[in-house]
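Asker: here's a sequence, model it:
(one chain, ligands or ions: 1)
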Amino acid sequence: MIDSVQDFAQVTDDSYSAYDSVTRWKQKEGRPAVGYFPVYFPQEIAHALGYLPVGLLGASGRVGLDMATAHTQSFVCSISRSVFQLGLQGNLDMMDVLVFSNICDVARNLSGITQRNRPGRSVEYLHYPINNSSAHAVKYLREEYARLARRMAEVAGTPALSTENLRTSVELFNQKRALQLRLVHLRQESPWLIPYTEFYSVLRAGSILPVERYVERLEGYVREQEARSSRPKDGVRVLVLGNFCEQPPIQLMKAIEEAGCFIVQDEALVGERWLGHLDTDKSEDLLSTIAQGYVQNLDPMTVRFHPSVNKQEDLMRRVRELRLEGVIFATPKFCEPALYDYMIGKPALDKAAIPYLHIEYEESMSSFENARTMVETFTESILFD
Ligand code: SF4
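Answerer: Numbers count the residues shown, from 1 in each chain. Below you'll find the model as predicted:
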């Protein structure tokens, strides 16, 4: 298990800026890599084309933002600036394609500005449907996926997407998502078993390791965690919302737990496991199956609007099912989607008298004492209420 944990921690560290493991993989395999901006990207399509899909999750304060600052406004979130900076200073040169999508206005514009400032390199834009209840949404997204697949095959000179390759890839990513969900559920029930920092690096490694190696390592890791028994510890059970795209500094999440909370659920890397299981038996048109998985999924992933989902009701359902004692809205500075969710969630929590706390973060944050004090006060107010 130590090997797996070290392996996960090493590649997680690599994913903050260097991406050396991607360069080594390319040299060994002679195949292309695609960098994708969060929140969600259909990794199985890239895998079926022979690509290594790699999440662009920001630099966590490890690079200066001078070049990005010269090209962007000061009031945009730090993940968009650090990913842009990494691109400008050459850290993403091993990626044959970079893919952005319309998760928010900032991400939408990041694609254009990256393209303009890295001429001759392939930058693609994936436009997800806005109206997921439309009868045309699945068909539309299927065509978007087909267009992206054609473009990626053209860029890397790989054979066109085949149904058989895609079936194998969907099955592999089904395994990856199922294992990640097992780990998420285990931590929901017994959060004292795995420290959040370890849990996070295990999940984050899945955004950079080749899926075959990740699944093999993760399977052993999850099995060992499930077999562990340890005396339950006390802590205030909280849900952390807002960290679905820009990743909070890991010290902030550590400070939350050290201040007496168990983070029983959060939104870090939610796009990686969001589709759950895709049924490969029913369809010959697997691009439609993947599109359906996105459009018809009613799990209310943040930054995605579905008319059939009432986010307030869903939040209260989670409060009940996860036996939550409080909610922490951890929102990246200048992230409108995360702030919208805060504004939606707040009245529902007020009405039900569920304690909540709002913390703002950015990648370059280096002092966590204020946040720790805020969470300590929050925790004590729950414990001694
Ligand atoms: S952190 Fe928020 S504002 Fe920034 S790109 Fe992500 S969703 Fe958009």
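
Asker: the stretch 51-200 of the chain against the ligand: which residues are in contact?
Answerer: With the criterion set to Cβ under 6 Å from any ligand atom, the stretch 51-200 of the chain comes near the ligand through Cys77, Ile79, Ser80, Ile103, Cys104, Val106, Ala107. From N, CA and C alone the C-beta is placed, and that goes for glycine too.

Asker: now with 8 Å?
Answerer: Val76, Cys77, Ser78, Ile79, Ser80, Ile103, Cys104, Asp105, Val106, Ala107, Leu110 (Cβ under 8 Å from any ligand atom).

Asker: show me the contacts for Val327.
Answerer: Val238, Leu239, Val240, Leu241, Leu315, Val319, Gly345, Leu349, Ile354, Pro355, Tyr356, Leu357 (Cβ atoms under 8 Å, 6 or more residues apart in numbering).

Asker: most neighbours, which of those residues?
Answerer: Val238 (29 neighbours; other Cβ atoms under 10 Å).

Asker: that older thread, so which of the contacts of Val327 sit within helices?
Answerer: Applying DSSP state H to the contacts of Val327, the entries found in helices are Leu315, Val319, Gly345, Leu349.

Asker: what's the closest non-adjacent residue to the last one?
Answerer: What that stands for is Leu349. Tyr356 (4.9 Å; Cβ to Cβ, 6 or more residues apart in numbering).

Asker: mind checking how far the one you found is from the ligand?
Answerer: Tyr356 is 20 Å from the ligand, where distance means Cβ to the nearest ligand atom, to the nearest Å.

Asker: what bridges to that residue?
Answerer: With DSSP bridges as the criterion, Tyr356 is bridged to Val327.

Asker: quick one, phi/psi of His120?
Answerer: Not His; residue 120 is Gly. phi 90, psi 0 (degrees, to the nearest 10).

Asker: pLDDT at it, what is it?
Answerer: With respect to pLDDT, Gly120 scores 84.

Asker: near it, how many other residues are there?
Answerer: Gly120: 4 neighbours (other Cβ under 10 Å).

Asker: and what of the one 3 residues further on?
Answerer: Other residues within reach of Val123, judged by other Cβ under 10 Å, total 20.

Asker: now it: how far from the ligand?
Answerer: Applying Cβ to the nearest ligand atom to Val123 and the ligand gives a distance of 15 Å.

Asker: now that we have the residues of the stretch 51-200 of the chain next to the ligand, which of them are buried?
Answerer: Buried subset of these (neighbour count, 16 or more other Cβ atoms under 10 Å): Val76, Cys77, Ser78, Ile79, Ser80, Ile103, Cys104, Val106, Ala107, Leu110.

Asker: redo those residues as a markdown table? Include secondary structure and pLDDT.
Answerer: As requested, these are arranged in a markdown table below (DSSP: H, G, I helix; E, B strand; the rest coil; pLDDT from 0 to 100):
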| residue | secondary structure | pLDDT |
| --- | --- | --- |
| Val76 | coil | 94 |
| Cys77 | coil | 96 |
| Ser78 | helix | 95 |
| Ile79 | helix | 96 |
| Ser80 | helix | 96 |
| Ile103 | coil | 88 |
| Cys104 | coil | 91 |
| Val106 | helix | 93 |
| Ala107 | helix | 93 |
| Leu110 | helix | 93 |
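
Asker: between all of those, which two are separated the most?
Answerer: Ser78 and Ile103 (15.6 Å; Cβ to Cβ).

Asker: returning to that earlier point: just give me the closest of the contacts of Val327 to the ligand.
Answerer: Leu241 (12.7 Å; Cβ to the nearest ligand atom).
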